[in-house]
Each structure stands twice: as C-alpha cells, then as structure tokens.
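Engineer: requesting a structural model of the entry that follows:
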Amino acid sequence: MNAAPAASVEPDSSGLETMAVRPRDVVVLPDGLPGFERCRRFVVISSPDLAPLVQLRGLDSVRPSFLALDPRVVLPDYDTSLSPSDRCRLAVDEAGPLLWLALVRFDGDRLVANMRAPVVINPQRMIGRQVIPADSPYTTHHELTAG
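Structural biologist: Numbering: from 1, shown residues only. Modelled structure (predicted):
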C-alpha cells in the first residue's frame with residue numbers, strides 16, 4: 001500500500017476516542033461521498049490492530065466513518081489506471097503516487113468491499129475523490145474472506 005496520511009487516535013478517560021489531526025493530514029474530497037456530500041474533509045487512520053484495513057473518518061458535520069483497504073490487497077492485479085479527467089481532478093501526473101481505498105462494509109454476516117468505486121487520494125496534494133469508471137469489471141459487493 002502506498003504511504004497513507006495518518007492521524008493519531010487516543011482513548012480519553014471516558015474510553016471514547018479523541019483525535020489529534022494536523023491540518024496537513026486532512027484529505028479534501030471536493031465532491032464528498034454519495035450520501036455524505038456535505039462532508040468533504042477526511043482523515044485516514046491506520047493502526048497495526050486494524051491492518052490491512054484503515055479508517056476513513058469524516059471531520060465535517062455528521063462525521064461519517066468507513067473501513068477501507070487497498071483493493072490490491074484483495075486482488076493483486078486490480079486495475080489502478082485513471083482517466084485523464086480523474087488525474088486532472090486529483091492534480092496528479094502519470095508518475096504521481098496515489099492511495100487507493102475500497103470501502104468495506106458488513107452485508108448481513110459477510111464483509112464486502114466496493115471494488116467498483118474506490119476512493120483515490122493524491123497524498124502529495126491531499127485531494128481525493130471516489131472514482132467510478134464506466135466500464136469497471138469490478139463489483140460493489142466483493143466478498144472478503146479470511147486468509
């Protein structure tokens with residue numbers, strides 16, 4: 001996985017998590033995420049206890065929180081090509097590093113990942129967006145299995 005921006009999360013005396021976020025760790029998603037369009041500032045939180053998953057936590061209004069992982073952890077040959085317009089929106093050239101995150105959720109008793117529409121982050125500019133390719137061969141309900 002490419003180096004991800006990370007914030008520190010510490011439990012406070014009540015057992016709830018408080019988060020110290022440096023401004024340089026904030027990722028801006030100008031379009032938000034479907035259903036959370038008004039939340040545009042996020043932070044990526046990694047923890048050895050959670051690996052290979054990370055948390056994508058919103059910092060605005062309702063503060064959504066998502067589990068995510070690099071889709072190449074699940075599918076090593078995952079296509080990470082971007083259209084020229086997506087590269088332009090992320091302000092990244094062909095050689096620029098990108099962080100790819102497939103959002104993960106529980107579907108009944110199964111853990112599934114949205115491999116069709118990953119969140120892609122330019123860690124040099126701290127800009128991200130959910131990329132939804134028109135001809136994606138991937139599904140929004142890719143079942144994750146242990147091992």
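Engineer: now do the same end-to-end measure for stretch 66-85.
Structural biologist: End-to-end span of stretch 66-85 (CA to CA, to the nearest Å): 26 Å.
Engineer: name the element L101 belongs to?
Structural biologist: In this assignment (DSSP states H and E), L101 forms part of strand 99-107.
Engineer: which positions within that strand qualify as buried?
Structural biologist: Neighbour counts over strand 99-107 (16 or more other CB atoms under 10 Å) mark L99, W100, L101, A102, L103, V104 as buried. Every residue, glycine included, has its C-beta placed from N, CA and C.
Engineer: quick check: beta-bridge partners of the second one?
Structural biologist: Same thing as W100. Using DSSP bridges, the bridge partners assigned to W100 are V120.
Engineer: distance of the residue nearest to D93 when sequence neighbours are not counted from D70?
Structural biologist: The spatial neighbour of D93 that comes closest, neighbours along the chain excluded (CB to CB, 6 or more residues apart in numbering), is R87 at 7.1 Å. Remark: distance between R87 and D70 (CB to CB, to the nearest Å) = 19 Å.
Engineer: name the residue in those two with the higher neighbour count.
Structural biologist: Neighbour totals were compared for R87 and D70, and D70 leads with 20 against 17 (other CB atoms under 10 Å).
Engineer: quick one: that one and L101 touch, right?
Structural biologist: Yes - taking CB atoms under 8 Å as the definition, D70 is a contact partner of L101 at 6.7 Å.
Engineer: find the residues that touch each one of the two.
Structural biologist: The contact sets of D70 and L101 do not overlap (CB atoms under 8 Å, 6 or more residues apart in numbering).
Engineer: assign a three-state SS to C88, would you?
Structural biologist: helix (DSSP: H, G, I helix; E, B strand; the rest coil).
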